[in-house]
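J.: Provided below are the primary sequence and the corresponding predicted coordinates.
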Amino acid sequence: MPTVVDFGTVSTTGLESSPVADALAGLRANEARYFKTKYDHVFTVSPAAEVPEVVEWVHGILADERGLVIASRPLEATAFQVENIRMAYVFYESGLSINVMYTLDDGGKRAVGFKLSDGMDVPEELGGFKFARQKSKLAGTIRGSYFVIKKEH
């Protein structure tokens, strides 16, 4: 059953097994605040095991576009549409968050974003990416990177 992510009171519920659970919860809350502010969308998450199609879609794009396989266990995931953009998120035990932004219009923006929770190392499989830093009141320092999706998914 989906759980609403409260960005007013950050909770580690669902993320407790992560060694950086507090930072990952802040990262998740930061995403929830963004979607509420920009699109008036209520950000919800489900245990990854309950939404395997979301995890499979994200993992399929990673494998097909870049040959990437994420070693960490997915804890939570969500998929939704805002305006004409299909979004998907997977939050991993390591503290990694991966999102897919897939504009439904031909020629629209399509990308995969990676965000690393404060306190986690860059996963080996993402060692070839350069990460930019940004500060967040909810998540501390977030390191992020992305790549553009070239194929249809």
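T.: On my side now, so go ahead.
J.: for the rest of this, base every contact and every neighbour count on C-alpha atoms.
T.: Fine.
J.: list phi and psi for K38.
T.: Phi and psi for K38, reported as degrees, to the nearest 10, are phi -80, psi -40.
J.: number of residues surrounding it?
T.: K38 has 9 neighbouring residues, counting by other CA atoms under 10 Å.
J.: from I98, how far off is F131?
T.: Counting by CA to CA, to the nearest Å, the gap from F131 to I98 is 13 Å.
J.: which one's more surrounded, these two?
T.: Ranked by neighbour count (other CA under 10 Å), F131 and I98 place I98 first, with 23 against 17.
J.: looks to me like the more buried one is in a strand.
T.: Yes - looking at I98 with DSSP: H, G, I helix; E, B strand; the rest coil, it is inside a strand.
J.: need the contact list for it.
T.: Shown in contact with I98 (CA atoms under 8 Å, 6 or more residues apart in numbering): Y89, V90, F91, V112, G113, F114, K115.
J.: next one: V100
T.: Contact analysis of V100 by CA under 8 Å, 6+ apart lists V58, R86, M87, A88, Y89, R110, A111, V112, G113.
J.: just grab the bridge partners of it for me.
T.: A88, V112 (DSSP bridges).
J.: hmm, what's the outermost residue in this structure?
T.: Most distant from the centre of the chain: D106, at 23.5 Å, with distances by CA atoms, centre = their mean.
J.: report the secondary structure state of that one.
T.: Going by three-state DSSP: D106 is coil.
J.: what's it sitting at in phi/psi?
T.: phi -60, psi 140.
J.: from R86, how far out is it?
T.: With the distance defined as CA to CA, D106 ends up 13 Å from R86.
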